[in-house]
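> coords please:
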Amino acid sequence: MVSIYNLHALILPLLVLFGYLKKDQQEYTINGYAQGTSYTIKYFAEKPVITKSAIDSILTDIDASMSLYQPNSLINKFNASTEGVVLDGQFKAVMHKAFEVYKDTQGKFDVTVGPLVQAWGFGSKPITEFPDSLTIRKLLNIVGMDGLELNGNFLKKKRPEIQVDLNGIAQGYSVDAVADYLSKLGISSFIVEIGGELLVKGLKPDGSGRRIGIEGPALTPLAEPQIRHIINISHGAVTTSGNYRKWIQKGSKRIAHLIDPSTGYPLDNQLISATIYAKNAITADGYDNAVMAMTVEEAIRFIESKGDMEAYLIYHQEDGKIADTLTKGFKKMIVD
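Alright, predicted model coming up:
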């Protein structure tokens, strides 16, 4: 999870000299609840220019397209179909990015993994027992984005049983959609945060960036997660995927909510959380889950090869202790 910190820097006279300080600019805040989580928007302007109802309308439209919890949503119509459906612009944009990340990560990110998520008890319906190996093999037959094909606006099913779940990427799209709305209204300095995923654009009027707290698991068992570092950015998106908040206890073992689409089983590797910085939230959101399925070394190599992303990783060492590592670019953003 990513937390917003209002740690304002001192306003230096030199900043005024260079024209950073704009007259009558003040920060406005809008808080709300949507998509099963909270959201916060902070922006600088001479007067209020956006309303909560306008933000809620944007997020409601996205839910009508891609929320599994809306009975009449387009995604539920797709899942109930045998051949597929014609997508709206929002659904299509998210699927384009989903296919891109799926191919780029060799299937580590897969929007068809929903039946496995449900089978392991992390879906919308309760379960009475964990799936056995036979059940897993059967479910793997209907998992895989190779069973989907996007032809123009039509998302086609190659297998009628295939299902799509966009929870691992749609919230990033929502952040970007709200940010685009603010930009079109001429707002040049803002932060949009939905459920811990956020995007920052522009310096504050005093010339400083936004300070963002990066959360991670506590170093001792049963303790609450804590802020590990604070970064300072003036543009770009930050999202985090982790397995330390959502889990089910099975005997002495914790079962993580992140499922490996290649095996059908919950991830059980070194990584505890992956925080990704990217130019937009849909990119960061799409890749943070995929990175969780990699080893620490693979994840760092992969992100550094992209050129336009950075990563901060928390992981278990062989002795069980918690450690962290990060890309060179992410290290430059850390201020505390």
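> How many neighbouring residues does the closest residue to residue 162 other than its chain neighbours have?
Leaving aside its sequence neighbours, residue 162 sits nearest to residue 147 (Cβ to Cβ, 6 or more residues apart in numbering; 4.6 Å). All C-beta atoms are positioned from the backbone trio N, CA, C, and that covers glycine. Residue 147 sits with 17 neighbouring residues when counted by other Cβ atoms under 10 Å.
> same question, residue 62
Residues lying near residue 62 (other Cβ under 10 Å) number 24.
> which stretches of the chain form helices?
Using DSSP state H, the helices of the chain run over 13-17, 52-66, 74-80, 89-104, 114-119, 133-140, 170-184, 281-292, 296-306, 328-333.
> okay but residue 177 is in contact with residue 60, surely?
No - the criterion here is Cβ atoms under 8 Å, and residue 177 misses it with residue 60 at 11.5 Å.
> picking that back up, and the helices of the chain as JSON lines, adding mean pLDDT and distance to residue 319?
Putting these into JSON lines (pLDDT from 0 to 100; distance: least, Cβ to Cβ, whole Å) gives the following:
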{"stretch": "helix 13-17", "mean pLDDT": "37", "distance to residue 319": "47"}
{"stretch": "helix 52-66", "mean pLDDT": "97", "distance to residue 319": "42"}
{"stretch": "helix 74-80", "mean pLDDT": "97", "distance to residue 319": "44"}
{"stretch": "helix 89-104", "mean pLDDT": "98", "distance to residue 319": "33"}
{"stretch": "helix 114-119", "mean pLDDT": "88", "distance to residue 319": "31"}
{"stretch": "helix 133-140", "mean pLDDT": "94", "distance to residue 319": "31"}
{"stretch": "helix 170-184", "mean pLDDT": "98", "distance to residue 319": "35"}
{"stretch": "helix 281-292", "mean pLDDT": "96", "distance to residue 319": "21"}
{"stretch": "helix 296-306", "mean pLDDT": "96", "distance to residue 319": "15"}
{"stretch": "helix 328-333", "mean pLDDT": "96", "distance to residue 319": "24"}
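> Turn those into JSON lines, including distance to residue 267.
Formatted as JSON lines, those follow (distance: least, Cβ to Cβ, whole Å):
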{"stretch": "helix 13-17", "distance to residue 267": "46"}
{"stretch": "helix 52-66", "distance to residue 267": "24"}
{"stretch": "helix 74-80", "distance to residue 267": "24"}
{"stretch": "helix 89-104", "distance to residue 267": "17"}
{"stretch": "helix 114-119", "distance to residue 267": "12"}
{"stretch": "helix 133-140", "distance to residue 267": "14"}
{"stretch": "helix 170-184", "distance to residue 267": "20"}
{"stretch": "helix 281-292", "distance to residue 267": "6"}
{"stretch": "helix 296-306", "distance to residue 267": "12"}
{"stretch": "helix 328-333", "distance to residue 267": "22"}
